[in-house]
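[1] here you go, sequence then predicted model.
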There are 2 protein chains.
Amino acid sequence: MSELRFDGRVAVVTGAGGGLGKAYALLLASRGAKVVVNDLGGARDGVGKSNFADAVVKEIKEKGGVAVADYNSVIEGEKIIKTALDNFGRIDILINNAGILRDRSFQKMSEQDWDLVHAVHLKGAFKTTQAAWDSFKKQKYGRVIMTTSNAGLLGNFGQTNYSAAKMGLVGLANTLVLEGAKYNIKVNTIVPTAASRLTEDILPPDMFQAMKPELIAPVVAYMVHESFPESGSIIDSTLGFASKAQIVRSNGAPLRAKPSDPVTIESVKERWSEAVNMADARHIEKIADVTIDLVQKLQDFEERSKLDAENKSYWTTYKYNCKDLVCYALGVGASVVNPGDLRFLYESHEQFAALPTYFILPGLVFESPVVSEAMPPGKHADFTNILHGEQYIEFLGELPGTDGEFVVRNYVVDVLDKGAGAVVVTNSEIYQNKELVMRTQQHIFVVGQGGFGGPRASTRAIDVQPPPKRAPDAVVEQRTAEDQAALYRLSGDLNPLHIDPNVASVSGHPRPILHGLASLGFAARHVLAKYGGNEPANVKALKARFAKPVLPGQTLVTEMWLEGARVHFQTKVKETGNVVISGAYVDLKNIVKQGSSAPSQPAASAADLKSDSLFAKIEDGIKANPAKAKSVGAVYLYNITENGKTIKQWTLDLKKDISVYQGEPKTGKADTTMTVADNDLMDIASGALSPQVAYLKGKLKIAGNIMLAQKLGPLLKSDAKL
Amino acid sequence: MSELRFDGRVAVVTGAGGGLGKAYALLLASRGAKVVVNDLGGARDGVGKSNFADAVVKEIKEKGGVAVADYNSVIEGEKIIKTALDNFGRIDILINNAGILRDRSFQKMSEQDWDLVHAVHLKGAFKTTQAAWDSFKKQKYGRVIMTTSNAGLLGNFGQTNYSAAKMGLVGLANTLVLEGAKYNIKVNTIVPTAASRLTEDILPPDMFQAMKPELIAPVVAYMVHESFPESGSIIDSTLGFASKAQIVRSNGAPLRAKPSDPVTIESVKERWSEAVNMADARHIEKIADVTIDLVQKLQDFEERSKLDAENKSYWTTYKYNCKDLVCYALGVGASVVNPGDLRFLYESHEQFAALPTYFILPGLVFESPVVSEAMPPGKHADFTNILHGEQYIEFLGELPGTDGEFVVRNYVVDVLDKGAGAVVVTNSEIYQNKELVMRTQQHIFVVGQGGFGGPRASTRAIDVQPPPKRAPDAVVEQRTAEDQAALYRLSGDLNPLHIDPNVASVSGHPRPILHGLASLGFAARHVLAKYGGNEPANVKALKARFAKPVLPGQTLVTEMWLEGARVHFQTKVKETGNVVISGAYVDLKNIVKQGSSAPSQPAASAADLKSDSLFAKIEDGIKANPAKAKSVGAVYLYNITENGKTIKQWTLDLKKDISVYQGEPKTGKADTTMTVADNDLMDIASGALSPQVAYLKGKLKIAGNIMLAQKLGPLLKSDAKL
C-alpha cells in the first residue's frame, strides 16, 4: 500500500503537549500535515504552566516537519483555530483531545469539579469544532475527532462528571455527522485506552507498560485521512487493537394485547421480556428510520389485531435456504438416478428450485397450541391423540425462491364432530415481504374426542376429491428407503414416532413409521414429473388425505387421472395394497405430459449482453499483441447463458486465426468449452467472483481440456492486457 | 397480575407541570405514591411563569391522591428534594424529566443556548439526583430515571446542544448504576417519544395525535417500581411500544501481522474491515470486562503469532450441532436397519454421540489457500489438480460433545516431491475452549507438479501401515446408496464433482463420484462396530490412504486385522475388486469384539437421586387423600435413569395398595411404565419441561397404556396436592 499522506493539510490537535495528543501531532507532521500543537500548558490536573507544546513543535521541526505551538484554552476554541488560519491559512483536521480528570464519588462531587470537566471536554470540543466549522463548510472538507472513553460508554466508579461529559461528546458527534454530511465533513469518535490511572490497577504490569500512545496514533491518523470513508463511527483502540462500538435496539414489542386495550403498568410488565429481548437487536442509522420502523410495527400490530379479532391467530416466522431444499428433496425420494430430479438436489443447477410440497412445512402446527386451545369444553387434544388427517396448499403468486423467510399466521377455522373423533381444521397464511404468497390447510384428527354436538362439515374446509371411476391414466412406483424417515426428519418434524422403535411400538406400529408428508412428497413429485413438465412453478394447488401409515422401505404406487388441468391421484403401498393417500389432486397451470416437450419460454434477447463489451476488449487486446495471443495455442468456446439457457456463443481462437467472433469455431472444434451466465462472467472479469469459486459452485462449467482454461485467467480480467 | 402499587413511596417528578411529567405524576399518585410535582412554571421555552404544578396537584388530590407542588429549578435540585423530605419525610423515586429546547444549526448555536440546555438537562439531573443520593444510600433503596432522546442516540439536525446533553445523561446513568448498585439504587434511562416538534413533520397525522404521554407513563412507572429488576437499561417507548437500546462492540482485530511489527496508518487501513466487522458484535457489561477481553485477545494474538512464526497458520472456526451429526451419519451409511447405528441417528437417543470421523471435517483445507500458497516456485496447486491423498485424525482428550464450536489452526508441514506430483502435508490443530482436543493431518496430492527437487518423505508425515500378510480377521460389507454423494454433500463438501455429471465427465469419471471421506466414514463405522464396541469414545486415532474413487451405489468391503490395540483395515469395491482405502488403521482404547459385551461402566450410585424427594412428596399427597388417589385406578412404574441406564425404579400404586415404593410392582404388572432421567423428571416436576415436549423429544418414554399417563399430570408437579 502506498503511504497515506497529509501533504497540504492543516491539523489542530488539542492537548498535544504530551501523551496521545503529542503522538497524533508527531505522526501527522511526519506524514506532511502542518500541525497546530495546542496545549494549555498545565500539568495533568490543569494547574501550573509548562512549555510542553514548544517541545513538541521543536521535535516536529527537527524531523523536518511544520508545526506551531498554541497555548489557548479549548474553552476559547476560536483562538486555537485562529492560530491555524493565521499561520497556515486553513484548517482541515481537528482532533479534540484535550481533557482533565476530577474524580470523586458521586456524593462528594463538587459543582466545580462537575463544571470544569464539562467545560474542558464537552464545551471545549463544541467551541473548537464550531470555530473550524465555517472553514470546513466553505472548503467542503473537514475531519473531526471526538475523544470519548469506556468510562462514558460503560460507566466507571468516581467519574460521574467524566462519564457524562465523555458520553456527551458522542451525542455531539451524532448531530455533527448529520449537519456535516453534505459538506464532506466527517466526524468520528475515538475511545483510546493509553496507560493511565484508569487502567493501572486492572492490567498486568507488562501490558500497562505496553499501552503506548504510538499504538493508537495510527488509528486516529487513519480516521482523519482523506480516504477514511466512515462518519459517526466510535472506535475503541489500544495496544495495537481496534474494535467498533455501536448502539443497537431490540425489535421491541407492543405493550398491550390489542390497540384498543389500555397500556397499564401490569400490561407493560407482562410484555417486558419480549420488548427487551436483544436476540434480533440491530443498529438503526437515523432518527427517521426509528420512526419508519415504528410506523411499520404499528401497522403490523393493527393488522394482526384485526385478523386476531376474526380468528385467534398464532404468528410464527420461518427461514429456509437451498440446503434445506436439497435435504427435503432427498427426504421425499428425489434421486440422482432420475436426471429430472437433479434440479432439486444440486443447489448450483441452472434450474435449481424447491419442490412445491416443501412449502407445506412453514404452516405445520403440530408443535403449537393452535389445536389444543381450540377443543370444545370437556374435550382435549395433545400429542398422544392427534393425527395428520388432510393437507392442502395453494400458491397465490410465484413459487417462492430457493432461500427466504416467511411470516406465518395460523388459526382454526372450524372444529368438526365426526363421532369417533374431532377434526380441527386449521388454516395457515404464509406471507413473504408482507405479501400473502401461499395458503395451507390442515385437518387434524383428534381420536376419541367427538360427540360434543358440533357440525359434521364446514364450508371453510377444502375437501378431498374422489378420483374418476376408471383405470388410472398413469401409475408411478417408487420404493422408499429404509432410512427414509430418518432422513425426512432432518426437514424438521422430529417426532420420535418416526425414529424411536419404543415410541412406535407404544403407538401400535411394528417399527417407526414414515411421515405422511414424506409419502405425499413422493406422490407429488411423481405427478409433477408425469403431467407438470417437472416444473415446480407449474403447481397451483394440492390436496390430499392421509389414509394409513407407511413403513420406511415400503414401495409407494401413485395412480393418476388427468381431468382438465387437475390431476387426481391416490397412493397405495405395493406390499399391502393399502391406500395410504386418498382423494388427492394437484391443480396445474399447464399440463405437460412426460415425454412431450415443455412449452418453450420466450428466449432471452441475445442482442446485447453485458459480456459483449468484454469480448470487444479481448479483441482489442489480441490485435494489440497477436504474437502473445498466439502463444496460448488453443481455441476456446464460450456459451453465454441467461436463465440457464445458452443465448450467445463466442469463439476465442488463439491458435489458428487469432480472432474473436460470435458463434462456434469456424473450423475444427474448441479445445475447451466454458459455459457461464452473462452476469457471472462479468463478475469473474471484474474480480468479484474467482474462477475457482465459480467452478466449484458450478457457475462456470468447463468441458474439454480443463488445463487450457487456466491460461485464460489474464484474458478474463476487465483491465486485461495481453 | 395483582396491581403494581407504590404505597408508602415518595416520588419526585421534575418538569411535571404538563406532558410526560404530568402523566408520570398522575399515574404514580393513582397507585399510592406521594408525589412532588416539580415545575419551574415556565412555558416550553423556559420563559414566563405559570401554575401548572398547582393544577396537577389539584387533579391528584381530587382523585384521592397525595401530592405537593414545587417551583424550584432543577439547577437547584437540592431544594426540590428538600420539598420531598420536608413534606413526606423521605424520597424513593426520582424522575429527571425537566427539559427545554434551544434548537439552532451548529454554526449559529450561541454559547448561551448551549449552556442553558446543558444546565437544565444534564447538570439539573446531576444536582437533583445528587441531592437525593444520601437518602437512597441510607435507606438502601432508590429508583432514578434519566430522560434521554433519539436525538442524542442518533443525532438530529439543529440539536447539537440537546443531543450532547441527552447523551451525557446516558453517561451519567452508566456511572450511577455502578455507584448505586450495592445500595439497591437502580438507575435507568427512558427514551420517550411523545407528540412534539421532533416528530410532527415525520409522522402520519393520526399517529402524531396518538402519541400520548399516557402510553409512556406506565413504562416509566414499571421502571421505578420495586419489582423492576434492571439497572442501566435504556428503554425507548412511544405509542404503546417499547424496545431496548444497548451498546455493542465488534470482536475487533489486531492492527498488525504480529506483535513485533509496528502499527502504521497503512497497517491500520489494511486490517480495518476486520476490526469494524459487526457480525459477531456483542454487548459488554463492565469496563473491567473490556480489559479482560482485551487481555485474552492479546494472549491469543501472541500465541498465534508464535505458532505462525513456526509455520504460517490459517485460523478458522467451526460450529456444529446434533442435526449436523445425524446428517453426517446418514451420509456415511449409518442406518436404522442396524440397531447399533440408532445412537448416531437419533438426537434424543440415550447414548447419542458423534461418529469419530465427523471430526475430520473441521480441519479440511480444500477451500482455503493453505495448499496453493505452499507450492514451490514454478509449481501450482488449484482445484483442478489436487486430490485428497491421505487423512489422519487423533483424539487428545474426550470425544467432543454433540454440539460445539472449534477454533482450528491449519498449516503446511512439508511439501514432498513424488516425481509425478507434489504432496502437500497439512496439519490441523483443533481447539475447543482453548484446549487442543484433536489433531488431523491431510496429504494433498498435486498432480503433475513434482520434479522440483524436494524431499520424497517427511519425518512429520504420519504414514499408512500395510496390513498383516494373512487373511483378514473380519470382513464387513455394505452397499452405498445411489444418492450417497448427494446426501454426504450436505455435510459441507459441495464440490460439483460429487453431484454434477458434466463436471464428473470432464474429470474422467462415468458419473459423479463419492467423497473419499464418505467411504472412510463407512469403513470406520464398520471397524468401530466390529472391534470398538460401537463406542465412538473408544477411538484414539485413525489413518487412511484414498487409493481410488468410489461410485455411489457400489458396495464397500472392509477387511480388518486385529493387532494389539490397532485394527488394520483396507476397503475394496466389491463390483471391481479395486482397493479404494489402503494402509489404514484405527487405534482403539479398548478392544471390544462384536458379540462380546462391552466393559461395564461403573454404575451410577442409586443411593440418592433428586427425584427421591419427589416420590416422598407424592407419598405425602397420597396419604393425605387416599380416596382421591384411588380414583386414578392405575399402577405406574417409573424407571429413573442416569447416563442412559435405569438406576432406580419406583412403583406408584393407585389401584390396589395405594402406595409408593421402590422397585417393580409387588403384585401384577404396571399399567403404564415411564422411563425418564432423574434430571428430566425434576424438570418436568418443576414445570421447566412440559411432559409433551419431553415425550416428543424422547426424554420421557411411555410404555403400556399411554392414556393413563395423562392422569398423572398433577402428581408430577412439585407443588402437587392430590
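    In hand now; what should we look at? Numbering: from 1, shown residues only, chains lettered A, B, ... in the order given.
[2] can you show me the CA trace of the longest helix belonging to chain A as PDB?
    In chain A, with assignment by DSSP state H, the single longest helix is helix A:287-310. In PDB, the C-alpha atoms belonging to helix A:287-310 read as follows (Å, rounded to 0.1, in the frame of the first residue of the first chain):
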ATOM      1  CA  ILE A 287     -33.800   9.000  13.700                       C
ATOM      2  CA  ALA A 288     -36.100   8.900  10.700                       C
ATOM      3  CA  ASP A 289     -35.600   5.200  10.400                       C
ATOM      4  CA  VAL A 290     -36.700   4.700  14.000                       C
ATOM      5  CA  THR A 291     -39.900   6.300  13.000                       C
ATOM      6  CA  ILE A 292     -40.300   4.400   9.800                       C
ATOM      7  CA  ASP A 293     -39.700   1.200  11.700                       C
ATOM      8  CA  LEU A 294     -42.300   2.200  14.300                       C
ATOM      9  CA  VAL A 295     -44.900   3.100  11.700                       C
ATOM     10  CA  GLN A 296     -44.400  -0.400  10.200                       C
ATOM     11  CA  LYS A 297     -44.700  -2.100  13.600                       C
ATOM     12  CA  LEU A 298     -47.800  -0.200  14.400                       C
ATOM     13  CA  GLN A 299     -49.400  -1.200  11.100                       C
ATOM     14  CA  ASP A 300     -48.400  -4.800  11.700                       C
ATOM     15  CA  PHE A 301     -49.900  -4.600  15.200                       C
ATOM     16  CA  GLU A 302     -53.200  -3.200  13.900                       C
ATOM     17  CA  GLU A 303     -53.500  -5.600  11.000                       C
ATOM     18  CA  ARG A 304     -52.700  -8.600  13.200                       C
ATOM     19  CA  SER A 305     -55.100  -7.400  15.800                       C
ATOM     20  CA  LYS A 306     -57.900  -7.200  13.200                       C
ATOM     21  CA  LEU A 307     -57.100 -10.700  11.900                       C
ATOM     22  CA  ASP A 308     -56.900 -11.900  15.500                       C
ATOM     23  CA  ALA A 309     -60.400 -10.500  16.200                       C
ATOM     24  CA  GLU A 310     -61.700 -12.600  13.300                       C
END
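[3] near chain B, anything from the helix or strand that that helix is followed by?
    Downstream of helix A:287-310, the first helix or strand assigned by DSSP states H and E is strand A:314-320. No - using C-beta under 8 Å from any C-beta of the partner chain, strand A:314-320 never reaches chain B; the gap is at least 14.0 Å. Backbone N, C-alpha and C define where each C-beta goes, glycine included.
[4] helices or strands next to strand A:314-320 in the packing?
    Helices and strands touching strand A:314-320, by 3 or more C-beta pairs under 8 Å, 6 or more residues apart in numbering or on different chains; DSSP states H and E, are strand A:404-417.
[5] next, the angle from the strand it packs on to strand A:314-320.
    Inter-element angle recorded for strand A:404-417 and strand A:314-320: 140 degrees (by axes from the mean of the first three to the mean of the last three C-alpha atoms, to 10 degrees).
[6] which residues does whichever residue of the stretch 351-500 of chain A sits closest to chain B contact?
    Nearest residue of the stretch 351-500 of chain A to chain B (C-beta to the nearest C-beta) works out as A:Pro496 at 4.4 Å. Residues counted as contacts of A:Pro496 (C-beta atoms under 8 Å, 6 or more residues apart in numbering or on different chains) are A:Val503, A:Pro512, B:Tyr346, B:Ser348, B:Tyr695, B:Leu696, B:Lys697, B:Gly698.
[7] just the buried residues of stretch A:562-579, please?
    Using 16 or more other C-beta atoms under 10 Å in any protein chain shown as the test for burial, stretch A:562-579 gives A:Leu562, A:Arg566, A:Val567, A:His568, A:Phe569, A:Gln570, A:Thr571, A:Lys572, A:Val573, A:Val579.
[8] quickly find the element holding A:Lys61.
    Following DSSP H and E, one finds A:Lys61 within helix A:52-62.
[9] may I have that helix as CSV, with CA atoms only?
    The C-alpha atoms that make up helix A:52-62 are tabulated as CSV, following Å, rounded to 0.1, in the frame of the first residue of the first chain:
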residue,chain,number,x,y,z
PHE,A,52,5.2,21.1,26.5
ALA,A,53,3.8,22.4,23.2
ASP,A,54,7.0,24.1,22.4
ALA,A,55,8.9,20.9,23.0
VAL,A,56,6.6,19.0,20.6
VAL,A,57,6.9,21.7,18.0
LYS,A,58,10.7,21.6,18.3
GLU,A,59,10.7,17.8,17.9
ILE,A,60,8.5,18.1,14.8
LYS,A,61,10.7,20.7,13.2
GLU,A,62,13.9,18.8,14.0
